[in-house]
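> coordinates only, no sequence provided:
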């Protein structure tokens with residue numbers, strides 16, 4: 001079994017092919033993006049020189065997704081990033097981005113805790129539990145690539161336990177609720 005606590009080592013050969021040292025096979029950028037989405041840390045090194053190429057490949061993954069129309073970064077943010085590289089003064093952009101993403105991860109975690117742990121006066125409403133489960137599934141789907149959802153521990157185990165059957169059940173419950181609402 002692979003040790004997911006340490007980064008997955010990917011070696012780049014002279015031919016520019018990427019080799020997964022855990023599974024002993026070649027991988028693509030999309031495979032690497034998939035590892036990252038599931039919460040796995042990845043380190044990419046040049047086989048010959050030993051240089052760490054992780055940042056370069058992560059930027060390439062972001063650029064490919066942005067070019068496919070999967071825009072996450074607004075033009076203003078990209079412009080500010082370019083400006084931060086050209087300014088002679090030490091930029092605060094890296095610290096700002098790191099702090100912003102950390103706050104986002106913490107907010108996601110708190111939001112999910114609030115959905116599951118605090119008593120809710122709406123819980124007495126018929127069908128509320130089904131709606132709550134549907135919201136949780138929606139949030140997990142929408143935020144699936146974010147580190148707060150991709151880590152290890154109870155939240156990750158619970159997410160792993162969610163199967164397509166659970167999603168089908170939630171869809172069925174949602175359809176039933178919609179029918180009940182239309183009858184009212």
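Thanks, I have the structure now. Just so we're clear, the structure is a prediction, and the values are computed from it rather than from any experiment.

> and residue 97, how far from residue 80?
According to CB to CB, to the nearest Å, residue 97 stands 10 Å off from residue 80. Any C-beta I mention is one placed from the backbone N, CA and C, and that applies to glycine too.

> repeat for residue 48
From residue 48 to residue 80 the distance is 36 Å (CB to CB).

> more neighbours: which of these two?
Taking other CB atoms under 10 Å, residue 48 and residue 80 do not tie; residue 80 has more neighbours (14 against 10).

> quick check: closest non-adjacent residue to that one.
Spatial nearest neighbour of residue 80, chain neighbours left out: residue 93 (6.7 Å); criterion: CB to CB, 6 or more residues apart in numbering.

> my guess is the one you found contacts residue 84, does it?
Yes - counting by CB atoms under 8 Å, residue 93 does reach residue 84; the two are 4.0 Å apart.

> which strands and helices lie in contact with the top helix by length along the chain?
When the chain is parsed with DSSP state H, its longest helix is helix 93-117. Helix 93-117 sits against helix 75-86, helix 128-142, helix 147-150, with contacts defined as 3 or more CB pairs under 8 Å, 6 or more residues apart in numbering; DSSP states H and E.

> how deep is residue 54 tucked in, by neighbour count?
So residue 54, with other CB under 10 Å, has 16 neighbours.

> ditto for residue 32
Residues near residue 32, counting by other CB under 10 Å: 22.

> quick one, phi/psi of it?
For residue 32, the backbone dihedrals (degrees, to the nearest 10) come out as phi -60, psi -40.

> pairing partners for the residue nearest to it when sequence neighbours are not counted in the sheet, please.
Once flanking residues are discounted, residue 32 sits nearest to residue 42: 5.7 Å by CB to CB, 6+ apart. Beta bridges link residue 42 to residue 8 when assigned by DSSP bridges.
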